[in-house]
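J.: Following is a predicted model, sequence given first.
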Amino acid sequence: MRRLAALAVVLLWCSPVALAQVSTAELQVVQLYTQDELLQLIRQNQHLKRVKADDCQLVKDIEARADIMKLPSYQFLFGDMLAYGVCVPVNVERGWDLMLSAANQGLPEALEQIGRYYQQGKFVQKDLTKAQHYLFEAGSMGNLNAQVRLAELLLAGVGSPVDYETVYRWLHHSVTADKNMHQRIQKALAALAPKMPGAVLARAKRPV
């Protein structure tokens, strides 16, 4: 608000020539994110940084798309904003409900995050059974973060050996440019392989 007030004073006192020199960036209206753009920001974990970088100008639009239109990607975004107090007062309970709603609508990123929070005991009581459920749902939709976390849970003794083959197949055929993620995948594959019979391992490696 102080930034806008200062700009208003400049506009009142500047000559037409001086006004022409005012940076157009100061006058630019921030456009609401497209669905694809927002999902990409979420996958890169840049969505909260982007909202702050846009000077919190889109809060009302984001809230409307989360609460009224009930768009899962915007429910996830606004829920995360509330949980961490980004551009809005902290309200963990409401934020959790919005993220859970996005997950229940099948948004893989929301399913992964809910599963991760249950795994870590963040905002909720730690529950590895629930974590496995949400991570498996996200993993089955191609979310690589969920697939790796689920593999690590299996290797820690959480879950059923029945899932070894499925999770191994996901990771064996995964593609990523992230070196740290690639190392985690290699480590998980190396640890999972000895836990399966040769025929099952060979089947998991078959082209999909």
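T.: Okay, I see it. Nothing here was measured: the structure is a model prediction, and the numbers come from that model. Residues are numbered from 1 along each chain as shown.

J.: Quickly note the distance from the nearest residue to His133 once chain neighbours are set aside to Leu150.
T.: Distances taken as CB to CB, 6 or more residues apart in numbering put Gly115 closest to His133, at 7.3 Å, once the chain neighbours are dropped. Glycine gets a C-beta too; all of them are placed from N, C-alpha and C. According to CB to CB, to the nearest Å, Gly115 and Leu150 sit 8 Å apart.

J.: With Leu48 instead?
T.: 25 Å.

J.: So for these two, which sits in the more crowded spot?
T.: Leu150 (31 against 17; other CB atoms under 10 Å).

J.: OK, contacts around that one?
T.: Each residue near Leu150 by CB atoms under 8 Å, 6 or more residues apart in numbering is listed here: 132, 135-136, 139, 159, 163, 167.

J.: now the helices for this structure?
T.: 2-13, 16-20, 24-27, 35-43, 47-53, 59-67, 72-84, 92-104, 108-120, 128-140, 144-155, 164-172, 179-192, 198-205 (DSSP state H).

J.: what bits of this structure have low per-residue confidence?
T.: Within the chain, the segments meeting pLDDT under 70 span 1-29.

J.: Apply 90 and report the result again.
T.: 1-31, 35, 43-44, 208 (pLDDT under 90).

J.: Find me whatever residue is spatially closest to Gln113, sequence neighbours aside.
T.: Using CB to CB, 6+ apart, the closest residue to Gln113 is Met99 (6.4 Å).

J.: Arg184 now?
T.: Val148 (5.2 Å).

J.: can I assume the one you found is in contact with Met181?
T.: Yes: with contact defined as CB atoms under 8 Å, Val148 reaches Met181; the gap is 6.8 Å.

J.: Which of the two has more residues huddled nearby?
T.: Neighbours per residue, other CB under 10 Å: of Val148 and Met181, the larger number sits with Val148, 22 against 14.

J.: about what we covered before: please check the contacts of Leu150 and keep the buried ones.
T.: Neighbour counting with 16 or more other CB atoms under 10 Å marks 132, 135-136, 139, 159, 163, 167 as buried within these.

J.: Show me the two of the contacts of Leu150 that sit farthest apart.
T.: Using CB to CB, the pair of the contacts of Leu150 lying farthest apart is Gly139 and Gly159, separated by 11.6 Å.

J.: sorry, back to before: as JSON lines, the contacts of Leu150 with distance to Ala53 would be great.
T.: What follows is these, written out as JSON lines (distance: CB to CB, whole Å):
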{"residue": "Gln132", "distance to Ala53": "35"}
{"residue": "Leu135", "distance to Ala53": "30"}
{"residue": "Phe136", "distance to Ala53": "34"}
{"residue": "Gly139", "distance to Ala53": "31"}
{"residue": "Gly159", "distance to Ala53": "39"}
{"residue": "Asp163", "distance to Ala53": "40"}
{"residue": "Val167", "distance to Ala53": "36"}
